[in-house]
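S.K.: how would this look folded up:
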Amino acid sequence: MIRSIGISLLLAGVGCFAPAQTVSPKNPLGTGPEVVAAGHVTFNRTCTACHGMDGAEGERAPALVGDRRFFRLSENALFDTIKNGIPGTAMPALGLPDDDIWRIVVFIRAMRASASDVDVPGNAQQGAAVFSGKGGCAKCHMVLGHGGIIGPDLSNIGAQMTLQHLRESLIQARPLQNGFRPVKVVTRSGETVEGIAKNEDRFSIQILDFHGKLHLYDKSELRQIDHETTSLMPHNYDKVLTPDEYQDLVAMLAHQVTVKVRVKGEGEGEVGR
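M.R.: Below you'll find the predicted structure:
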């Protein structure tokens, strides 16, 4: 009995001296668009002495939006870095209220996350109507098997782009992509074909014309090949659409995520979310 009491007291003593488990702080604000917007403002007000505006690279610190190292950091890791700094580096403890730090954390992660992982304001259903109607997007782009094929398939665009990149693609000229470069050729017999160059090498060119027909030419058959230097993609949607239409279109595109599923006995298929 004495031995048992001694062991019990020893265990109790170990419990008293055991270090308390660290409780990770929790984001009390959520990740909604209003928190992202507030974090954007707070970041530009307090962090741009080293980092650049909007999370870009600064004179004394790296880009937080473009560098995937910071995307891999958890919310808690970012919070701790901003609150306490990084010893031995130029990153100081900022001394901000915790709520302001959480706003900055949410902003940084929102700018690095896929568009589908961010709470995007707007009506996606109305955005689909803009996509197929006033926006004219469906003439060139396909979503879940419906639409044109001149431009890239957008069925998974929400998972492939950040929200910032998605917005920029609608309002800024984009670099030409391989397989989507506009081209016009004239054959030696005088036929003119316009479309996009799907494949090209020194000896041949494959063209998808604006009617969806594929042409393959040996270059010896052509007397003229004119490559365009700008994309067919419009970059003025913020001007041709109303602010609500533009935001609805962004919301619709952000929701485009294709998930691969395996159906028993039928192989693999795709389901849009």
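
S.K.: in the stretch 101-250 of the chain, which spans are strands?
M.R.: 142-143, 146-147, 181-187, 192-200, 204-209, 214-218, 222-227 (DSSP state E, counting those that start in this stretch).

S.K.: got these as TSV, with mean neighbour count and mean pLDDT columns?
M.R.: C-beta coordinates here come from the backbone N, C-alpha and C atoms, glycine included. Listed next are these as TSV, based on neighbours: other Cβ atoms under 10 Å; pLDDT from 0 to 100:
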stretch	mean neighbour count	mean pLDDT
strand 142-143	19	95
strand 146-147	14	94
strand 181-187	17	96
strand 192-200	17	96
strand 204-209	18	97
strand 214-218	13	96
strand 222-227	12	96
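
S.K.: His235: which of the ones you listed is closest?
M.R.: Of all the strands of the stretch 101-250 of the chain, strand 181-187 sits nearest to His235, with 14.5 Å by Cβ to Cβ.

S.K.: which neighbours does the closest one have in its sheet, and in what orientation?
M.R.: Partners of strand 181-187 in the sheet, by DSSP bridges, are strand 192-200 (antiparallel), strand 222-227 (antiparallel).

S.K.: dump the residue contacts of the residue nearest the centre of the chain.
M.R.: Geometric centre of the chain, nearest residue: Thr162, 1.4 Å, by Cα atoms, centre = their mean. Contact analysis of Thr162 by Cβ atoms under 8 Å, 6 or more residues apart in numbering lists Val65, Met111, Arg112, Ala113, Ser114, Ala115.

S.K.: I'd like to know which of the strands paired with strand 181-187 lies nearest to Gly212.
M.R.: The closest of those to Gly212 is strand 192-200. By Cβ to Cβ, the value is 9.1 Å.

S.K.: Under the pLDDT cut-off, which ranges of the stretch 1-150 of the chain? List them.
M.R.: Along the stretch 1-150 of the chain, segments meeting pLDDT under 70 span 1-23, 65-73.

S.K.: Please, where are all the helices along it?
M.R.: Taking DSSP state H, counting those that start in this stretch to define them, one finds helices in the stretch 1-150 of the chain at 2-17, 33-46, 68-71, 75-84, 98-112, 124-132.

S.K.: Same list (the strands paired with strand 181-187) but as TSV, adding distance to Cys47.
M.R.: Formatted as TSV, the strands paired with strand 181-187 follow (distance: least, Cβ to Cβ, whole Å):
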stretch	distance to Cys47
strand 192-200	42
strand 222-227	43
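
S.K.: how long is stretch 137-146 from one end to the other?
M.R.: 11 Å (Cα to Cα, to the nearest Å).

S.K.: residues making contact with it?
M.R.: Contacts for stretch 137-146 (Cβ under 8 Å, 6+ apart): 130-132, 147-155, 232-233, 249, 256, 258, 270, 272.

S.K.: likewise stretch 147-161?
M.R.: Taking Cβ under 8 Å, 6+ apart as the rule, stretch 147-161 contacts 114-116, 132, 137-145, 166, 169, 177, 180, 195-196, 208, 210, 212, 232-233, 253-258, 270, 272.

S.K.: Can you flag the buried ones in these?
M.R.: 114-116, 132, 137-138, 140-143, 166, 169, 180, 195-196, 208, 233, 253-258 (16 or more other Cβ atoms under 10 Å).

S.K.: circling back to that earlier point, quick check: which of the strands of the stretch 101-250 of the chain is nearest to Glu75?
M.R.: Of the strands of the stretch 101-250 of the chain, nearest to Glu75 by Cβ to Cβ is strand 142-143, at 31.6 Å.

S.K.: Let me know the pLDDT of Val257.
M.R.: Among the per-residue scores, Val257 shows a pLDDT of 89.

S.K.: from now on call the first residue 43
M.R.: Sure, I'll start numbering at 43, so the last one becomes Val299.
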